[in-house]
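Undergrad: Sequence plus predicted model, see below.
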Amino acid sequence: MNVSSDQTTLSHDVLSAIVHDVPRNRLLAALPRDALERILPTLTHVPLPLGMTVYEPGVPITQVYFVLTGIISMVSEMREGTVEVGTVGCDGMTGLPIVLAADTMPSRAFVQVPGEALRMEAADLLRAMDASPRLRRLLYRYVLALFDQTAQHAACNRLHGLEERCARWLLMTHDRVVGDVLLLKQQFLAEMLGVHRPAVTLAAGALQKAGIIRYSRGKVTVLDRAALENASCECYRIVTRRVEELLTED
Ligand SMILES: [Zn+2]
């Protein structure tokens, strides 16, 4: 891929490494070459260490992250406890308020599963969106995918049982990690599902008894992926189908 020298002061090696990373992020991979070439010099490869705070509620967002590996989780923190409201993996980016002409969000974002990302200054993203209708269109469609996912999860939390929701959450996490082992403390899983820990013990116990997962000391191993999909409510399929539909360019 050619990037004209006046666009960047990055060394050729650094740029080559970033070009190599691009296909690992679904949004970047979906961009046409000209749009991608324009933003390549503004991307920086960064690690996502476990627990790193990405955004604090109400604090202006200055950088966005295109995730390559790992998971960034958005949580709502209230007096009664913490509950997950969204996740971003290699299928997306963080910092959506920037796309929608705002710069803060009410939830906290942190690294739930460690990995790597391509980071971009918010100002560079805005410039790139102005210059590229294709990038703008893709990011708008991504925002809609996340909006629809959040709406589905709100309905799911109200209507579906904990065991089904637990299976859905494990499937979404399994999709975004390499291999079948998910490093998860029980307390964390409880927070992500917005329930108390004993309830999670029961739900995970039922999945384990059915031979679908093995759960021990902060580690969940997915033993039977097909059975886990059967154990999940319909929400997993609805959300993944919708993302597919929106991010596959016509
Ligand atoms: Zn559901």
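TA: Perfect, thanks for sending it.

Undergrad: So for the chain, the centremost residue is which one?
TA: Closest to where the C-alpha atoms of the chain average out (Cα atoms, centre = their mean) is residue 88, at 0.9 Å.

Undergrad: By residue count, which helix of the chain is the longest?
TA: Ranked by number of residues, the top helix in the chain under DSSP state H is helix 133-159.

Undergrad: helices and strands around the lengthiest strand in the chain, which ones?
TA: The residue-count maximum for a strand in the chain (DSSP state E) belongs to strand 63-78. Using 3 or more Cβ pairs under 8 Å, 6 or more residues apart in numbering; DSSP states H and E, the elements in contact with strand 63-78 are strand 44-48, strand 81-88, strand 108-121, helix 122-131, helix 186-193. (Each C-beta comes from the backbone N, C-alpha and C, glycine too.)

Undergrad: strand partners of the longest one, parallel vs antiparallel please.
TA: So the one you mean is strand 108-121. strand 44-48 (antiparallel), strand 53-55 (antiparallel), strand 63-78 (antiparallel) (DSSP bridges).

Undergrad: ok and it relative to helix 122-131, angle-wise?
TA: Angle, strand 108-121 to helix 122-131, by axes from the mean of the first three to the mean of the last three Cα atoms, to 10 degrees: 60 degrees.

Undergrad: What residues of strand 108-121 count as buried?
TA: 108, 109, 110, 111, 112, 113, 115, 116, 117, 118, 119, 120 (16 or more other Cβ atoms under 10 Å).

Undergrad: same deal with the shortest one?
TA: By neighbour count on 16+ other Cβ under 10 Å, the buried set for strand 44-48 is residue 48.

Undergrad: now what about that strand, what contacts it?
TA: 14, 17-18, 21, 65, 67, 69-70, 72, 111, 114-120 (Cβ atoms under 8 Å, 6 or more residues apart in numbering).

Undergrad: likewise stretch 230-248?
TA: By Cβ under 8 Å, 6+ apart, the residues outside stretch 230-248 that reach it are 26-27, 30, 91, 138, 141-142, 144-145, 148-149, 152-153, 155-156, 160-161, 163-165, 167-168, 171-172, 175, 207, 210, 212, 229.
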